[in-house]
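Undergrad: I would like the atomic coordinates for the input below:
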Amino acid sequence: MLLLVDEMISLHEEDESIKKISLKGKYNQLQDALRFFKPGLASKKLSIKAPTLDEELEYFSKLFNEYDKIIYFYDARFGSNEMLDRLQNWLLPNNMLWPIPIHGSKAEYLFLKSEVLSEIHKGASYNDMMNHIQNVRKKISSWVISPSPAKVIRADKYNAIYKENKKNIFLLMEMLPNRRIKTHQSGNLEGVWKYISEKEDVNQIWAVTKGIDTELPNVKKHIQIDSMSLPVGIPFIQAITMK
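TA: Residues are numbered from 1 along each chain as shown. Got it, this is the predicted structure:
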């Protein structure tokens, strides 16, 4: 079995294999663009080159020469559900591709990866696992804390390099179903974090941070990612709370 994750939401943990994205323009690879593009007064947007169906079929067919099952976490903001459904059907019955959509939150990926691996260990089928994820999603809330949360949430702003944001005022946004967003409050980081960490109905918190040095209390699992991760120049906390 292979655990494959889109480069956009990867946490670079040992159990991951990363599906790299391709860019349009001077640099084809994301890491090259992040290394050589320097933030200026204006932001630098990175244009993603969407793979074709034939390219995806070739990519996964090569992987299936080594693996009989691939658990694929993909960023639903950029990936095509329809294309993956077609690939999944074409590759059956000998090769099992299990696509799992993540809605732009690395914290959601961190949390759901734990759930998925637990279900696989129990012998769950793909349909069983997707039903479990659907039920779990009803019990969780997804949050973003940042001076510029829209640049973390919105697909048209996420893949960009910005001049470093040094504001001390953080906004707390909740990511709701159907791509809706609700702003709860603003203030210093400690106060905004306290709002979600001390909610009475919160049982667990999973968090991913970038450019944040503050200790986060009451977190079950916390991963800090490289400051040069997208969106460059924008510090953030992505969090999942579970009832």
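Undergrad: what's stretch 209-229 in contact with?
TA: With C-beta atoms under 8 Å, 6 or more residues apart in numbering as the test, stretch 209-229 has contacts from 11-13, 34, 106, 110, 114, 189-190, 193, 197-198, 202, 204-208, 234-238. Every residue, glycine included, has its C-beta placed from N, CA and C.
Undergrad: Just the ones of those in helices?
TA: Members of those lying in helices (criterion: DSSP state H): 34, 106, 110, 114, 189-190, 193, 197.
Undergrad: which one of those residues sits closest to Asn95?
TA: Distances from Asn95 to the ones in helices among the contacts of stretch 209-229, taken as C-beta to C-beta, are shortest for Ser114 (25.0 Å).
Undergrad: Contact partners for Ala132?
TA: For the record, residue 132 is His, not Ala. 115, 119, 124.
Undergrad: ok, and the most crowded of those residues?
TA: Glu119 (19 neighbours; other C-beta atoms under 10 Å).
Undergrad: Which helix or strand contains the residue nearest to that one when sequence neighbours are not counted?
TA: Spatial nearest neighbour of Glu119, excluding adjacent residues (C-beta to C-beta, 6 or more residues apart in numbering): Met129 at 4.8 Å. Assigned by DSSP states H and E, Met129 belongs to helix 126-137.
Undergrad: which residues are contacting the next helix or strand after that helix?
TA: Toward the C-terminus, helix 126-137 is succeeded by strand 140-146 as the next helix or strand (DSSP H and E). The contact list for strand 140-146, computed with C-beta under 8 Å, 6+ apart, reads 103, 105, 107-108, 111, 152-153, 170-175, 189, 192-193, 196, 234-243.
Undergrad: ok, now which ones touch the residue nearest to Glu119?
TA: Neighbour list for Met129: 98, 100, 116, 119-120 [criterion: C-beta under 8 Å, 6+ apart].
Undergrad: could I get those residues as CSV with secondary structure and pLDDT?
TA: As requested, the contacts of Met129 are exported to CSV (DSSP: H, G, I helix; E, B strand; the rest coil; pLDDT from 0 to 100):
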residue, secondary structure, pLDDT
Trp98, strand, 97
Ile100, strand, 97
Val116, helix, 97
Glu119, helix, 96
Ile120, helix, 95
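Undergrad: Compare the residues you listed and tell me which has the most neighbours.
TA: In terms of neighbours by other C-beta under 10 Å, the contacts of Met129 top out with Val116 at 22 neighbours.
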